[in-house]
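Chemist: any chance you could fold what I've pasted below:
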Amino acid sequence: MIPAFRNTCRNSWDNQTNKECMLTIARTCNTTLGKAIQEQVERQRNELQRKCMAL
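Modeler: Next up is the predicted model:
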């Protein structure tokens with residue numbers, strides 16, 4: 001399961017592990033659910049960056 005954490009739960013902007021993603025995979029043993037959370041985090045971060053750049 002360790003590769004699932006490494007491959008799925010990395011933030012693209014700082015290469016750090018996303019704890020919410022990692023805990024979700026650990027609790028559910030479902031990498032698809034962890035991936036969905038990580039994708040949402042990435043989308044929210046990108047949206048926030050766009051908004052900040054527009055100011």
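Chemist: can you find which helix in the protein contains the most residues?
Modeler: The residue-count maximum for a helix in the chain (DSSP state H) belongs to helix 31-54.
Chemist: can you count the residues close to residue 41?
Modeler: Neighbourhood size, residue 41 [other CB atoms under 10 Å]: 16. Quick note: C-beta positions are derived from backbone N, CA and C, even for glycine.
Chemist: and stretch 22-42, how far from the chain's centre?
Modeler: 7 Å (CA atoms, centre = their mean, to the nearest Å).
Chemist: could you do stretch 20-40 as well?
Modeler: For stretch 20-40, the distance to the chain centre is 8 Å (CA atoms, centre = their mean).
Chemist: that one: which residues count as buried?
Modeler: Of all the residues in stretch 20-40, those buried under the rule 16 or more other CB atoms under 10 Å are 21, 22, 24, 25, 31, 34, 35, 37, 38.
Chemist: pull it out as CSV, backbone CA atoms only.
Modeler: The C-alpha coordinates for stretch 20-40 follow below in CSV (Å, rounded to 0.1, in the frame of the first residue of the first chain):
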residue,chain,number,x,y,z
GLU,A,20,-6.2,13.9,4.0
CYS,A,21,-5.6,11.7,1.0
MET,A,22,-3.3,9.4,2.8
LEU,A,23,-5.6,9.0,5.8
THR,A,24,-8.5,8.3,3.5
ILE,A,25,-6.6,5.5,1.8
ALA,A,26,-5.5,4.1,5.1
ARG,A,27,-9.0,4.1,6.6
THR,A,28,-10.8,2.8,3.5
CYS,A,29,-8.1,0.8,1.7
ASN,A,30,-9.6,2.5,-1.4
THR,A,31,-7.0,4.3,-3.6
THR,A,32,-9.7,5.5,-5.9
LEU,A,33,-11.3,7.5,-3.1
GLY,A,34,-7.9,8.9,-2.1
LYS,A,35,-7.2,9.9,-5.7
ALA,A,36,-10.5,11.7,-5.9
ILE,A,37,-9.7,13.7,-2.8
GLN,A,38,-6.2,14.5,-4.1
GLU,A,39,-7.7,15.7,-7.4
GLN,A,40,-10.1,17.9,-5.6
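Chemist: good, we can wrap up now.
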